[in-house]
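K.L.:
any chance you could fold what I've pasted below:
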Amino acid sequence: MNAAVVNFAPTRGAVELRDLPTPEIGPDDVLLEVANVGVCGSDLHQWTADHSWPVNYPVVLGHEFAGRIAQLGTDVQGWKVGDRVASETAAVIDTTNPMSRRGLYNLDPTRKGFGYGVHGAMTRFVRVPSRILHALPDSLPFEHACLTEPCCVAYNAVVKNARIEPGDRVVVLGPGTIGILCAAMARLCGAEVALVGLEADRRRLEIAREYGCEPIIGSATDWAKARDGLGADGVIDAAGVSATLKVAIDLVRPAGWISKVGWGRDPLGFSLDPLVQKNVTLQGSFSHNWPTWERVIALLASRQLNVAPIIGGVWPIARWQEAFEKMHHGEVVKSVLSPV
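P.N.:
This is a model prediction of the structure:
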């Protein structure tokens, strides 16, 4: 039996530790022994029941994970027991969908991910399709490798779905895990970066300094307009509320761009006319795919991208609630669990 963090109902606090049998794997799957699994904001949203996506209850939480292959399906090739791997999140896709055929399976409308669509990795053993595994070098610790997934979210939002040029001034809204990683990615692209949050975010904002970013509490207007009065070249909206899109539109310069990666379930209550008037490009950014994972693992392995500053601690799975609460109350940016 495996101890697992299970979200069992669509009500606040409906998460508990349960013993589940070891999963059975199919011919194209591997049984992965989880070394470390990161706690994502989406895990917290399901815990507090304020999420906006469908969940297949009961479900084991966790989609940021890395570990070793414990068992191979009969048709799996190119892998062996003991291999160190990280896994993508696209647990179920339709390979015949036009998006999947283009390699954009992250945009397949039928896609189901770990931790909400199928059982996730907050447990010792998880079933993973071999098609979404990525090899990890021995030099990359599992507690860092398990955060490949949020790094890929940031890479997609900053590198693939924005158009940063070296020397740009970029504002990032929201100092959660994704916001901080987006800021770090923008710095890697050669931008001057400000990370914006509230007074309650002060501790997390200070981490931005370790990535060479300017932390700002409250309004970023002065910083955005400091160069020539027109605003920031680009804004990355990584906040978890809808209303920050208005802030982004106000901060961006004419002919600038906004990359929106943060989720917000509330409707917008403002006019988009300024977006039109300023000729601003608004780009949504969701998830990631194979080439993004390979690039991010290379960045982590080379230490060009260092996730150590955002890791607030590693907790045994039996203390999952403490790890959740530390993140929920803003005491740490990222909690990591150890199921073994």
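
K.L.:
how close does the closest residue to residue 261 other than its chain neighbours get to residue 10?
P.N.:
Leaving aside its sequence neighbours, residue 261 sits nearest to residue 157 (CB to CB, 6 or more residues apart in numbering; 4.0 Å). No exception for glycine: its C-beta is placed from N, CA and C like everyone else's. Residue 157 is 28 Å from residue 10, where distance means CB to CB, to the nearest Å.

K.L.:
tell me which of the two has more neighbours.
P.N.:
Neighbours were counted for residue 157 and for residue 10 using other CB atoms under 10 Å; residue 157 has more, 29 against 12.

K.L.:
quick one: the more buried one and residue 288 touch, right?
P.N.:
No. With contacts counted by CB atoms under 8 Å, residue 157 stays clear of residue 288, the gap being 9.5 Å.

K.L.:
which stretches of the stretch 101-250 of the chain have low pLDDT?
P.N.:
Applying pLDDT under 70 to the stretch 101-250 of the chain flags no residue at all.

K.L.:
which parts of it are strands?
P.N.:
Secondary structure of the stretch 101-250 of the chain (DSSP state E, counting those that start in this stretch): strands at 125-129, 133-135, 169-173, 192-197, 214-217, 232-237.

K.L.:
may I see these organised as JSON lines, with mean neighbour count and distance to residue 86 added?
P.N.:
Below are these laid out as JSON lines (neighbours: other CB atoms under 10 Å; distance: least, CB to CB, whole Å):
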{"stretch": "strand 125-129", "mean neighbour count": "24", "distance to residue 86": "10"}
{"stretch": "strand 133-135", "mean neighbour count": "16", "distance to residue 86": "5"}
{"stretch": "strand 169-173", "mean neighbour count": "29", "distance to residue 86": "25"}
{"stretch": "strand 192-197", "mean neighbour count": "26", "distance to residue 86": "26"}
{"stretch": "strand 214-217", "mean neighbour count": "18", "distance to residue 86": "30"}
{"stretch": "strand 232-237", "mean neighbour count": "30", "distance to residue 86": "24"}
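
K.L.:
nearest to residue 254, of the ones you listed?
P.N.:
strand 232-237 (10.7 Å; CB to CB).

K.L.:
check which helices and strands that closest one sits against.
P.N.:
strand 169-173, helix 177-188, helix 244-251, strand 252-260 (3 or more CB pairs under 8 Å, 6 or more residues apart in numbering; DSSP states H and E).

K.L.:
go through those and pick out the most buried.
P.N.:
strand 169-173 (a mean of 29; mean count of other CB atoms under 10 Å).

K.L.:
that one: how far from the chain's middle?
P.N.:
In this view, strand 169-173 has its centroid 18 Å away from the chain centroid, taken as CA atoms, centre = their mean, to the nearest Å.

K.L.:
what angle sits between it and strand 232-237?
P.N.:
Angle of strand 169-173 versus strand 232-237, following axes from the mean of the first three to the mean of the last three CA atoms, to 10 degrees, is 20 degrees.

K.L.:
who touches strand 169-173?
P.N.:
With CB atoms under 8 Å, 6 or more residues apart in numbering as the test, strand 169-173 has contacts from 164, 179, 182-183, 186, 191-196, 213, 220, 223-224, 226-227, 232-239, 244, 247-248, 251, 262.
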